[in-house]
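> Fold the following and give me the result.
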Amino acid sequence: MQPAIEQIRQGRMKRRRRYVGMTLLLTIIAVVLSGLMLMLGNTIYPIQDVIRVLLGEDVKGATFAVEVLRLPRMLAGVFAGAAFGAAGTIFQTMLRNPLANPNVIGITTGSSAAAVFCIVVLQSSEAVISIASIIGGLVTVLVIYFLSKGAAFSIGRLVLVGIGIQAMLTAVINYLLLISRQNDVAMAMRWLTGSLNGAKLEELPPLMITVLICLPIVLLLTRQLEMLELGEMAATGLGINTNQTRLLLIVAAVFMLALATATTGPIAFIAFLAGPIAKRLVGTSHAGILPAALVGIILVLAADLVGQFAFTARYPVGVITGIIGAPYLLYLLIRMNQKGDF
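Numbers count the residues shown, from 1 in each chain. Next up, the predicted model:
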């Protein structure tokens, strides 16, 4: 009996060390990419000049480029990446399905449709667009949930209903773009492609505050989320108030998604890819919310750097992440169909 207990304890310590080690490694990579975002551009500034600018010094040439152009872009990528990565993992873990993420089941599309409607029809301000984006995401979640409920809740049905809702909302967005004025098309397209271009420091506080509030709440609920992954009956048997926990997780995730979408547009596949990559790195014994948020940051920053400097033309970050994520989505659909998960 004693050797078995010791073996279990050692296995738990090994998994814990792997989780901590990979989380630290992901943090270092995210910090390095953040630094590169501030250093690289039409003019490359050394790291010491960047640090001096961040400390408040006036460095000729570097101050404007770093403070006005690169710092807002980097911060938008960091907080949007964390929001998409964490929120996607919440839905995938809670619903026990890798396809049950906000991009595939239409939640980000709902936020985008609301935002585009405000831009094209109402000519609203940035504040109203952000609020509409939040409401659009919450309403989409409720509609998908009630349509997929049926006699008994089915995750497969929820995914299929979500894909249908996404197709319908995409058609609505296309119609709004068709009737929009030419001046509104460029701004509206931001909600469809996902881009860090034109990020402004004064527009970032709502997203930053939302992530800094919601992400710690989600991290405090990590143990409950792990129990929800075991199934409704098992979680209830372990003393979890499943309805309350699920509500808190969904509200936190949707708020992060909506504000990230309102700031950068729905950057394709970050919410879809971050969770599975994090699970591969830290193991499946943890919900992996923090690693997924870090992976989301890394994917957004790396994709933006590739879009800016790897080609002769510059591409928005959403184009690069779409190229990465689309093949994985097709592979996952084929694999799940072969397993009979639908």
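> rest of the way, CA atoms for contacts and neighbours
OK.
> secondary structure element for Thr43?
Under DSSP states H and E, no helix or strand contains Thr43.
> Read off the pLDDT value for the residue nearest to Pro316 when sequence neighbours are not counted.
Nearest non-adjacent residue to Pro316, counting by Cα to Cα, 6 or more residues apart in numbering: Ser195, 5.0 Å away. pLDDT, Ser195: 84.
> State the number of residues packed around Ser195.
Residues near Ser195, counting by other Cα atoms under 10 Å, number 27.
> isn't it right up against Thr261?
No. Ser195 lies out of contact with Thr261 (Cα atoms under 8 Å); the separation is 9.9 Å.
> hey, what's in contact with both of the two?
By Cα atoms under 8 Å, 6 or more residues apart in numbering, Ser195 and Thr261 have these common neighbours: Ile267.
> Need the contact partners of the helix or strand harbouring Arg280.
Assessed by DSSP H and E, Arg280 sits inside helix 270-282. If you take Cα under 8 Å, 6+ apart as the criterion, helix 270-282 is touched by 15, 18-19, 22-23, 81, 84-89, 92, 98-99, 101-104, 286-289, 291-293, 295-296, 299-300, 321, 325.
> Could you identify the buried members of the residues you listed?
15, 19, 22-23, 81, 84-89, 92, 98-99, 101-104, 286-289, 291-293, 295-296, 299-300, 321, 325 (16 or more other Cα atoms under 10 Å).
> on that earlier part again, how is the residue nearest to Pro316 assigned, secondary-structure-wise?
coil (DSSP: H, G, I helix; E, B strand; the rest coil).
> Quick check: it vs Tyr315, distance?
Using Cα to Cα, to the nearest Å, one gets 9 Å for the distance from Ser195 to Tyr315.
> Leu142 now?
Relative to Tyr315, Leu142 is positioned 34 Å away (Cα to Cα).
> Pull the contacting residues for the residue sitting nearest the centre point of the chain.
Centroid-nearest residue in the chain, with Cα atoms, centre = their mean: Phe84, separated by 0.7 Å. With contact set as Cα under 8 Å, 6+ apart, Phe84 has these partners: 256-257, 260, 270-271, 293, 296.
> related to what we said a few turns ago, quickly note the distance from the residue nearest to Pro316 to Leu122.
23 Å.
> same question, Gly198
Remark: distance between Gly198 and Leu122 (Cα to Cα) = 22 Å.
> And Leu294, by the same measure?
From Leu294 over to Leu122 the distance is 36 Å, taken as Cα to Cα.
> Neighbour count for those two, which is higher?
Leu294 (30 against 12).
> Please state the offset of the helix or strand harbouring that one from the chain centre?
Using DSSP H and E, Leu294 maps to helix 289-309. The chain centre lies 10 Å from the centre of helix 289-309; the measure is Cα atoms, centre = their mean, to the nearest Å.
> tell me the average confidence for that helix?
Taken as a whole, helix 289-309 carries a mean pLDDT of 93.
> Without its sequence neighbours, what residue ends up closest to Tyr315?
The shortest distance from Tyr315 to any non-neighbouring residue, by Cα to Cα, 6+ apart, is to Gly307 (4.7 Å).
> Could you report the neighbour count for that neighbour?
Residues near Gly307, counting by other Cα under 10 Å, number 20.
> measure it to Pro98 for me?
Note on Gly307: its distance to Pro98, by Cα to Cα, is 27 Å.
> that older thread, could I get the buried residue list for the helix holding Arg280?
Result for helix 270-282 [16+ other Cα under 10 Å]: buried residues 270-279, 281-282.
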